[in-house]
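Trainee: Need coordinates for the below:
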Amino acid sequence: MVACISGLILFSCVSTKNLQPKPDWLTSRPMSTTNYIGIGSAPITADVNDYQQIAKKNALNDLAGEISIHISNASFLNKLAVNDVFNETFDSRTQTTINENLEGYTLIGTFEDKTNYWVYYSLSKSTYQSFKQQRIQKALDNAMSKFSMAMQYKGDFEYYNALILLVKATEDIKPYLAEPLLTNYQNAEIYFGNELFNEIFECFNDLKIAPVQHEIVVKRGQMIKDESLTFEVSDRAGHLMEGFPVVADYSSSGLINNKARTGKDGRVSFGIPKIRSKKNIEYLEAKIDVATLLQDATNDFIIKKLLKNFRIETSRIETTILNPVFFVEITENKTGERLGQGFGEMCRETLIANTCDYTENRSDADYILTIAAEDRKLEEVSHNCKMNFKAEVTVQNQGGKLLYQRSVSDIVATQSNCESARTEAFSKGKEYIRTRVIPDILTQLF
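Mentor: Reported below is the predicted structural model:
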């Protein structure tokens with residue numbers, strides 16, 4: 001028993017003696033004014049390559065994290081004055097780009113104990129800056145090539161192509177949008193990010209969208225043809241712009257397609273198949289569709305988010321909506337008795353209550369509402385009389401086109417005499433037409 005204990009004590013001493021002490025860079029993180037430091041670790045597993053690669057990756061992430069991002073006062077981002085939420089997103093994406101572009105770093109050391117493996121990298125700040133300037137110059141060369149071509153397009157009044165290239169140039173320098181990007185262009189030193197921003201701003205600011213007709217008048221239930229809702233896109237000098245995406249918004253419902261592109265004549269049109277609004281005035285507004293233009297130019301989320309909030313001019317067409325005019329025609333009962341003024345008054349009051357107008361002159365009407373009603377005795381037993389009310393309801397436009405048709409039946413009244421039964425049946429029929437049929441007509445038409 002004593003021998004066993006001695007053996008355990010001896011094994012413990014040997015194991016402790018074989019463990020190497022932690023290096024200084026683990027016990028106290030190194031500080032350097034000339035180098036970036038990156039230290040990462042990973043739990044030891046059965047797969048040596050796996051945990052070593054994870055530790056290396058973590059060390060490089062740590063190294064990239066030491067490379068801070070400062071937004072220069074002469075940078076594209078500073079010019080845009082983007083919000084904190086965007087800055088956080090940009091910083092995150094830029095940090096990833098820094099990590100992906102790391103080069104020139106040196107492995108200083110590794111260490112492992114029973115549970116973890118560590119890696120220590122160092123990167124000279126001057127080396128990093130040298131590689132970074134090379135990448136910036138390459139990005140600037142690509143961007144400035146697109147910029148020069150964009151200026152040619154702008155000079156030829158092809159603003160769509162100019163903007164597409166300016167956005168693509170922004171995409172080239174995306175990792176360096178926080179940098180001043182001081183460079184030489186046409187024998188002058190410029191801050192390229194600022195210059196790029198100014199040109200994008202000026203292109204949008206030069207564009208003008210205006211309605212061909214500022215005001216139109218339409219009746220509820222009618223369509224507005226495309227030619228009435230037409231806008232023209234040009235620059236301030238009047239040069240028409242082809243191929244620009246335009247987005248429209250109608251203050252009421254009914255606009256089927258709210259996006260279109262200008263043709264060679266710089267015009268774009270929208271149509272509304274049927275005006276349904278009960279208001280007297282509605283508005284159709286249109287503006288250049290920046291989101292679609294950016295989609296044409298780039299798939300980059302950051303660039304789209306960065307440029308989508310450029311202030312764009314909005315143009316408006318005012319639509320004055322007139323009430324539709326009805327002429328109501330009530331036919332005689334087959335018994336020869338008239339339905340009386342009650343039916344006509346009910347129709348007139350119901351239509352007016354639903355923002356429609358009523359006329360006594362058929363030729364002045366937009367719609368002809370016809371009600372052909374009749375009563376029929378069903379049976380008369382033991383001094384009880386049962387009467388049935390039936391009606392055929394139609395609506396036509398002034399041209400005679402049938403727009404609505406409905407048969408009303410199964411309305412029955414039973415009274416002690418046929419006259420009272422007839423009166424009740426017609427009263428029930430009138431109420432049914434007031435509460436069910438006329439609302440259905442208005443729904444179908446408008």
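Trainee: Now the longest helix along the chain: buried residues?
Mentor: Counting by DSSP state H, the longest helix found in the chain is helix 125-155. For helix 125-155, the neighbour count (16 or more other Cβ atoms under 10 Å) marks 127-128, 132, 136, 139-140, 143-144, 146-147, 149-150, 153-154 as buried. Heads up, the C-betas are built off the backbone N, CA and C, glycines and all.
Trainee: cool, and stretch 24-35?
Mentor: 25-26, 35.
Trainee: would CSV of these with pLDDT and distance to Leu445 be doable?
Mentor: Shown next, in CSV, are these (pLDDT from 0 to 100; distance: Cβ to Cβ, whole Å):
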residue, pLDDT, distance to Leu445
Trp25, 94, 82
Leu26, 92, 82
Asn35, 94, 79
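Trainee: Need the nearest residue in space to the residue nearest to the spatial centre of the chain, chain neighbours excluded.
Mentor: In the chain, the residue lying closest to the centroid (Cα atoms, centre = their mean) is Ala291, at 7.9 Å. Sequence neighbours aside, Lys308 is the residue nearest to Ala291 in space, at 6.0 Å (criterion: Cβ to Cβ, 6 or more residues apart in numbering).
Trainee: what about that neighbour, how many neighbours?
Mentor: Lys308: 11 surrounding residues under other Cβ atoms under 10 Å.
Trainee: same thing with Ile302?
Mentor: 19.
Trainee: check which helix or strand covers it.
Mentor: Counting by DSSP states H and E, the element that carries Ile302 is helix 301-307.
Trainee: Give the other helices and strands that that helix contacts.
Mentor: helix 84-100, helix 159-172, helix 290-297 (3 or more Cβ pairs under 8 Å, 6 or more residues apart in numbering; DSSP states H and E).
Trainee: Can you show me the CA trace of that helix as PDB?
Mentor: C-alpha atoms of helix 301-307 as PDB (Å, rounded to 0.1, in the frame of the first residue of the first chain):
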ATOM      1  CA  PHE A 301     -25.500  45.600 -49.600                       C
ATOM      2  CA  ILE A 302     -23.300  48.300 -48.100                       C
ATOM      3  CA  ILE A 303     -23.200  50.400 -51.200                       C
ATOM      4  CA  LYS A 304     -27.000  50.200 -51.600                       C
ATOM      5  CA  LYS A 305     -27.600  51.200 -48.000                       C
ATOM      6  CA  LEU A 306     -25.100  54.000 -48.300                       C
ATOM      7  CA  LEU A 307     -26.600  55.600 -51.400                       C
END
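Trainee: how far away is the closest residue in space to Thr331 that isn't next to it in sequence from Gly429?
Mentor: Spatial nearest neighbour of Thr331, chain neighbours left out: Ala372 (4.3 Å); criterion: Cβ to Cβ, 6+ apart. According to Cβ to Cβ, to the nearest Å, Ala372 and Gly429 sit 12 Å apart.
Trainee: that older thread, can you tell me which of the buried residues of stretch 24-35 end up in strands?
Mentor: Judged by DSSP state E, strands contain the following of those: Asn35.
Trainee: Turn the buried residues of stretch 24-35 into TSV, columns for distance to Leu102.
Mentor: Listed next are the buried residues of stretch 24-35 as TSV, based on distance: Cβ to Cβ, whole Å:
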residue	distance to Leu102
Trp25	19
Leu26	22
Asn35	13
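Trainee: closest to Val412 among the buried residues of stretch 24-35?
Mentor: Checking these against Val412 by Cβ to Cβ gives Leu26 as the nearest, at 97.2 Å.
Trainee: residues touching Lys146, list them.
Mentor: 165-166, 168-169, 172 (Cβ atoms under 8 Å, 6 or more residues apart in numbering).
Trainee: Kindly report the same for Gln405.
Mentor: 392-395.
Trainee: Look up how far Ala55 lies from it.
Mentor: 81 Å.
Trainee: And Arg406, by the same measure?
Mentor: On the measure of Cβ to Cβ, Arg406 and Ala55 end up 79 Å apart.
Trainee: swap in Ala365?
Mentor: For Ala365, the distance to Ala55 - Cβ to Cβ - is 86 Å.
Trainee: neighbour count winner among these two?
Mentor: More crowded of Ala365 and Ala55, by other Cβ under 10 Å: Ala55, with 24 against 21.
Trainee: and the more buried one, that one's in a strand?
Mentor: No - applying DSSP: H, G, I helix; E, B strand; the rest coil, one finds Ala55 to be helix, outside a strand.
Trainee: element containing the nearest residue to it once chain neighbours are set aside?
Mentor: Using Cβ to Cβ, 6+ apart and skipping the chain neighbours, the partner closest in space to Ala55 is Ala42 (4.0 Å). Element membership for Ala42 (DSSP H and E) is strand 35-43.
Trainee: Just the residues contacting that strand, thanks.
Mentor: So strand 35-43 is in contact with 25-26, 29-31, 51-52, 54-67, 105, 115-125, 128, going by Cβ under 8 Å, 6+ apart.
Trainee: chain center to it, what's the gap?
Mentor: 43 Å (Cα atoms, centre = their mean, to the nearest Å).
Trainee: which parts of that strand are buried?
Mentor: For strand 35-43, by 16+ other Cβ under 10 Å, it's 35-42.
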